[in-house]
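Q: just coords:
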């Protein structure tokens, strides 16, 4: 199973994805996009 998360905090925004195996254990947790201080500019990893 894969989950895509958009996380809004007071210090910024992150878009992450997580992949879980058949036992429900998270095997991947990776940052895809992070706000860099300007609402129209994002850093892409």
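A: Nice, I can see it. Keep in mind that what you see is a predicted model, and the values were worked out from it rather than measured.
Q: just for this structure, where's the confidence low?
A: By pLDDT under 70, the low-scoring segments of the chain are 36-45.
Q: just the strands in it please.
A: 2-9, 12-20, 26-38, 41-44 (DSSP state E).
Q: can you redo the ones you listed as TSV with mean neighbour count?
A: In short, each C-beta sits where N, CA and C put it, glycine included. Formatted as TSV, the strands of the chain follow (neighbours: other CB atoms under 10 Å):
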stretch	mean neighbour count
strand 2-9	10
strand 12-20	14
strand 26-38	12
strand 41-44	10
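Q: which phi and psi does the residue lying farthest from the centre of the chain have?
A: Relative to the centre of the chain, and counting by CA atoms, centre = their mean, the farthest-placed residue is residue 23 at 21.8 Å. Main-chain dihedrals, residue 23, degrees, to the nearest 10: phi -90, psi 0.
Q: distance check, it against residue 30.
A: 20 Å (CB to CB, to the nearest Å).
Q: contacts only, for the spatially most central residue of the chain.
A: The structure's the chain has its C-alpha centroid closest to residue 16; by CA atoms, centre = their mean the separation is 1.2 Å. Going by CB atoms under 8 Å, 6 or more residues apart in numbering, residue 16 touches 4, 5, 7, 29, 30, 31, 32.
Q: how about a cut-off of 10 Å?
A: 3, 4, 5, 6, 7, 28, 29, 30, 31, 32, 33, 34 (CB atoms under 10 Å, 6 or more residues apart in numbering).
Q: also residue 21?
A: Contacts for residue 21 (CB under 10 Å, 6+ apart) come out as 1, 27, 28.
Q: give me phi/psi at residue 22?
A: phi -70, psi -20.
Q: residues contacting it?
A: Neighbour list for residue 22: residue 1 [criterion: CB under 10 Å, 6+ apart].
Q: measure it to residue 16 for me?
A: Residue 22 sits 21 Å away from residue 16, going by CB to CB.
Q: please apply the same query to residue 31.
A: Taking CB to CB, one finds residue 31 at 5 Å from residue 16.
Q: common neighbours of these two, please.
A: residue 7.
Q: any idea what the spatially closest residue to residue 15 that is not a sequence neighbour is bridged to?
A: Nearest residue to residue 15 in three dimensions, chain neighbours excluded: residue 33, at 4.1 Å (CB to CB, 6 or more residues apart in numbering). Taking DSSP bridges as the rule, residue 33 bridges to residue 15, residue 44.
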